[in-house]
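# predicted model follows, preceded by the sequence.
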Amino acid sequence: MRSLLVFLLLALPVAAQTSDSLDFLAGLPDFQDLRQMLPTHLNRMAFALLDERERAVARFTGPADVAGRRTLLRDRMQRALGGPWPARTPLNPRTVAVLDRDGYRVEKVIFESHPRFYVTANLYIPKSGRPPYPAVLYPLGHEAGSKAHSAWQQMLVTLARRGYLALAWDPIGQGERVQLFDPDLGESKVVRSTTEHSITSIQCLLSGDTLARYTVYDGLRALDYMLSRPEADASRVACTGNSGGGTHTAYLSALDDRIHVAAPSCYLTSWRRLLLSIGPQDGEQCLPPLLADGLDHADFVHAFAPKPYLILSAVRDFFSISGARETYAEALRAYELSGASGKISMVEADDGHGYSKPRREAAYRWFARWLKNTEDNEAEQPIEPESEQALQVTSTGQVATSLGGETVHSLNLRRVAELKAARRPVTAAAVRDVLRFNPPRDPLKIAAYGTIARPGYRIEKLTYESVPGILIPSLLYVPAGASRAPAVLYVHGRGKSAARDAAESLVKAGSVVLAIDYRGAGETSTSSDAAGSDFPRWFGDYHSAMKALLIGKPLAGMRAEDIVRGLDLLAGRAEVDPARISAHGRDAGAVPLLHAAVLDSRITGLTLDGMLASFESIAAARIHRGVFENVIPGVLRHYDLPDLVAALSPRPVAIRSYSDALGRPVAR
């Protein structure tokens, strides 16, 4: 009896997969990895770009090649960050209070990186030795407490007591600079700073920027401020930070020649290892289209050569140690070609993510060697950290409630308005270029998986190959006796099964209907992010959407290609009149379908239901949800969704309903 029960339990998944199920591939042994189809495909494209990059780097023969890499990185980074920096405006710095401590003092400082865009900072100043002091720029990671985090304080105090001027500032979205501050909650509207970073960065992407445009510029202005102080020696400047601070150490050091020594901690790995492990990180740590531009983590180091560079890594970090070692090996060769092999080093500690004591002590030694021309093997002494309140710069602990001023949201909205005023009428060529749209034209590969007979019509269960490696599960509804009938391509954001009721109504009215699971929808939807992450709730399939942007092929464009291949299938059916093919897009499926309609005139009419009202509505909203998979970098430089609808004229378009940036219905 027990063995029979076990057998029945094991059989349940297969038994549930009946012959009339509309999700017909689930449970078939050939499709066990179907939900990994999209991530695997994107990785394959990314790895091809990385392979090409490796071949280019392998051809380096001397210092000129390394210098050329610096030029390439800076050019591509500047483009990814939205183009030239704004004009440097007055910092208007002011010290609001001073903490006098044993061997050092802390000035609590406010400055403006943009007019009325306030940056809260702590400046650690030695009380011994003779100024000007070597200076350390200290961008922060994502840990709780921001500039008051205990590990940061431990290092900043130690640096000050050892004769370094050191500056730390609250990153955007952290500490006293929460951008999505909720006065009722007394905190951010979202749980994690990385979530806030990504929400804000997605809005910036629509303008052709990223959040890093603002975080990096904050760092450049922080350096301006630090070097304006008479205590700073501008000829001896280092930059170091951990995690997100390691990211910005890599960015700032690659971009600004005023930094002479760099030591990023717990960031540098390689994109190949990232894609094989934890995937793309939050919005400020991804610079689309970095992979399409032929860049990797090692290029940040190449751009700094031949100045002293220390890679600080953790063996048990979530950033792959193998990737860090591979990046170091490549960078070491670049330094050797530059005649500076002694100026690069790597330190590994057998611990986890964080600026732990072994890495901090390695940084002290490195800074002493290159900024003071001395040895520093002194053991770090523990400190008693200050409370977060003690290090606060603003009266309320938040810029939003103490000072007001600009936010990334308001600054980006100004960018959106400027771009809108300069936009030209949309063309199909511009849409094709923005999407990197290039569907294959070879014969469509179609496979059948049975038929469901219904009164008056049948449902054929099919797949077609959109591009090599991408199968599109589809349902073809065919009226009995159909011949040269009108056809409807139905694209529902949740996939073909969600289109059941609409498809049945259309086929009963005499139309052939093709309902599809474009890549990443329906049966091909990917698994959610790691347990505990709130990214799926806010962004959907964040990893796939971000990978697509990094390789220069927005997911909306790839899905538009899937839709166009669905038109190929319909146009090739004897039951269909190819001159009478219309399309219906629902919810998230409406955006890629609208793009496909602009680019393929075989769609003779279009119905849109629940479509996002506009890309501009994402930028205008304080907060958004579920839109990232349809975001296209820089799209607002060229067009918005209403422009695409207008471009379809004189083809008929019926817009049944809109949704806002949170997915809620918009009143007509």
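Sure thing, it's come through. Quick caveat: nothing in here was measured; it's all calculated off a predicted structure.

# where exactly do the helices run in the stretch 201-350 of the chain?
Assigned helices in the stretch 201-350 of the chain, in chain order: 211-228, 244-255, 271-276, 298-302, 321-337 (criterion: DSSP state H, counting those that start in this stretch).

# can you give me the strands for the stretch 51-200 of the chain?
For the stretch 51-200 of the chain, the strands defined by DSSP state E, counting those that start in this stretch occupy 94-101, 104-114, 117-126, 133-137, 165-169, 181-182, 187-188.

# do the stretch 551-668 of the chain as well
According to DSSP E, counting those that start in this stretch, the strands that the stretch 551-668 of the chain contains are 576-586, 603-612, 653-659, 665-666.

# quick one: those strands as TSV, columns for mean pLDDT, distance to residue 430 and mean neighbour count too.
All C-beta spots, glycine's among them, are computed from the backbone N, C-alpha and C. Below are the strands of the stretch 551-668 of the chain laid out as TSV (pLDDT from 0 to 100; distance: least, Cβ to Cβ, whole Å; neighbours: other Cβ atoms under 10 Å):
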stretch	mean pLDDT	distance to residue 430	mean neighbour count
strand 576-586	98	21	20
strand 603-612	98	19	21
strand 653-659	96	19	16
strand 665-666	92	26	12
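
# mind checking the ones you listed for the one nearest to residue 53?
Residue 53 lies closest to strand 603-612 among the strands of the stretch 551-668 of the chain, at 34.7 Å (Cβ to Cβ).

# by contact count, what packs against that closest one?
strand 576-586, helix 590-599, helix 641-647, strand 653-659 (3 or more Cβ pairs under 8 Å, 6 or more residues apart in numbering; DSSP states H and E).

# quick one: low-confidence parts of the stretch 551-668 of the chain?
668 (pLDDT under 70).

# Serialize the strands of the stretch 51-200 of the chain to JSON lines and add fields for mean pLDDT, distance to residue 206 and mean neighbour count.
Listed next are the strands of the stretch 51-200 of the chain as JSON lines, based on pLDDT from 0 to 100; distance: least, Cβ to Cβ, whole Å; neighbours: other Cβ under 10 Å:
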{"stretch": "strand 94-101", "mean pLDDT": "98", "distance to residue 206": "34", "mean neighbour count": "13"}
{"stretch": "strand 104-114", "mean pLDDT": "98", "distance to residue 206": "19", "mean neighbour count": "21"}
{"stretch": "strand 117-126", "mean pLDDT": "98", "distance to residue 206": "20", "mean neighbour count": "24"}
{"stretch": "strand 133-137", "mean pLDDT": "98", "distance to residue 206": "30", "mean neighbour count": "27"}
{"stretch": "strand 165-169", "mean pLDDT": "98", "distance to residue 206": "27", "mean neighbour count": "28"}
{"stretch": "strand 181-182", "mean pLDDT": "91", "distance to residue 206": "22", "mean neighbour count": "16"}
{"stretch": "strand 187-188", "mean pLDDT": "89", "distance to residue 206": "22", "mean neighbour count": "16"}
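
# turn the ones you listed into a markdown table, including distance to residue 328.
Below are these laid out as a markdown table (distance: least, Cβ to Cβ, whole Å):
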| stretch | distance to residue 328 |
| --- | --- |
| strand 94-101 | 37 |
| strand 104-114 | 32 |
| strand 117-126 | 30 |
| strand 133-137 | 22 |
| strand 165-169 | 26 |
| strand 181-182 | 40 |
| strand 187-188 | 36 |
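
# closest to residue 270 out of these?
Closest among the strands of the stretch 51-200 of the chain, once you apply Cβ to Cβ, is strand 133-137, at 25.0 Å.

# which helix is the longest one in this protein?
As assigned by DSSP state H, the longest helix anywhere in the chain is helix 37-58.

# pLDDT averaged over it - what is it?
The average pLDDT for helix 37-58 rounds to 98.

# which elements pack onto that helix?
helix 271-276, strand 470-479, helix 542-550.

# just want the most central residue of the chain.
residue 283 (4.0 Å; Cα atoms, centre = their mean).

# contact partners for that residue?
Residue 283 makes contacts with 197-202, 204-205, 210-212, as judged by Cβ atoms under 8 Å, 6 or more residues apart in numbering.

# okay, and residue 437 sits in which element?
For residue 437, there is no host helix or strand (DSSP states H and E).

# now for it, how many residues are close by?
Here the number of neighbours of residue 437 (other Cβ atoms under 10 Å) works out to 22.

# how much space between it and residue 491?
According to Cβ to Cβ, to the nearest Å, residue 437 stands 16 Å off from residue 491.

# what's the answer for residue 589, then?
4 Å.

# intersection of neighbour lists for these two?
Common neighbours of residue 589 and residue 491, using Cβ under 8 Å, 6+ apart, are residue 518.

# for stretch 274-291, give the mean pLDDT please.
Rounded mean pLDDT across stretch 274-291 is 96.

# mind giving me the domain ranges of this protein?
89-288+356-419, 428-666 (automatic domain parsing).

# out of these, nearest to residue 346?
Short answer: domain 89-288+356-419, nearest of the domains of the chain by Cβ to Cβ, at 9.0 Å.

# how far does that closest one stretch from start to finish?
22 Å (Cα to Cα, to the nearest Å).

# how far does that domain sit from its chain's centre?
Relative to its chain's centre, domain 89-288+356-419 lies at 20 Å (Cα atoms, centre = their mean, to the nearest Å).

# again with stretch 324-331
So, by Cα atoms, centre = their mean, the centroid of stretch 324-331 is 24 Å from its chain's centroid.

# i'd like the first residue to be 28 from this point on
Okay, residue one is now 28; in that scheme the one you just asked about reads as stretch 351-358.

# can you give me the buried ones in it?
If you call a residue buried by 16 or more other Cβ atoms under 10 Å, then stretch 351-358 has these buried ones: 351-355, 357-358.

# good, wrapping up.
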